[in-house]
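Enquirer: how would this look folded up:
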Amino acid sequence: MQRLRDLALLRRVRDRIDREYAQPLDVEALARGVHMSAGHLSRQFRLAYGESPYSYLMTRRIERAMALLRRGDLSVTEVCFAVGCASLGTFSTRFTELVGMPPSAYRRQAARSTVGLPSCVAKQVTRPIRNREAPPTGRG
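Expert: Numbering: from 1, shown residues only. Predicted structure coming up:
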């Protein structure tokens, strides 16, 4: 019974991250929202979803950043702050880990590779890989 209650609370946390990814969110605030300790939330979230709440939040932010970069009308810095990241360095590092290239390179490439594609298709074919780093480039 407690497990079902915890899963319902975890779903609320995940839904809040999906809705409020651009807001200043941290694990402590998310945990307070469901009356859990930050440590308990992190452990339970990882068990349920295979990644930490912070990792899930950053993945949501990077997915949204990819869409904004594909549009091409915002700078990388503007996109960083628009998706809720406070540090351009952290944003660029995480973006590169998930996507396999820095945001500026992605912006240039996406502009060329998604020309003429409906946005819903472009989103699907450019979706980042979750729970593992991008495949190595070069040899393989």
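
Enquirer: mind giving me the domain ranges of this protein?
Expert: 2-54, 58-125 (automatic domain parsing).

Enquirer: got JSON lines for those domains, with mean pLDDT and mean neighbour count too?
Expert: Placement of C-beta: from N, CA and C, glycine included. As requested, the domains of the chain are arranged in JSON lines below (pLDDT from 0 to 100; neighbours: other CB atoms under 10 Å):
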{"stretch": "domain 2-54", "mean pLDDT": "93", "mean neighbour count": "15"}
{"stretch": "domain 58-125", "mean pLDDT": "88", "mean neighbour count": "16"}
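
Enquirer: Now name the helix or strand holding the residue most central in space within the chain.
Expert: Per CA atoms, centre = their mean, the C-alpha nearest to the average position across the chain is that of Thr59, at 1.7 Å. Using DSSP states H and E, Thr59 maps to helix 53-71.

Enquirer: Then Ser92?
Expert: Here Ser92 is assigned to helix 88-99, by DSSP H and E.

Enquirer: After that helix, heading C-terminal, what element do we hit next?
Expert: helix 103-113.

Enquirer: Now find how far off-centre that following helix is within its chain.
Expert: 18 Å (CA atoms, centre = their mean, to the nearest Å).

Enquirer: coming back round to it: name the helices or strands packed onto the helix holding Ser92?
Expert: helix 53-71, helix 76-82, helix 103-113 (3 or more CB pairs under 8 Å, 6 or more residues apart in numbering; DSSP states H and E).

Enquirer: Just the angle for that helix relative to helix 53-71, thanks.
Expert: 90 degrees (axes from the mean of the first three to the mean of the last three CA atoms, to 10 degrees).

Enquirer: tell me how far stretch 53-61 is from the chain's mean position?
Expert: Relative to its parent chain, stretch 53-61 has a centroid offset of 4 Å by CA atoms, centre = their mean.
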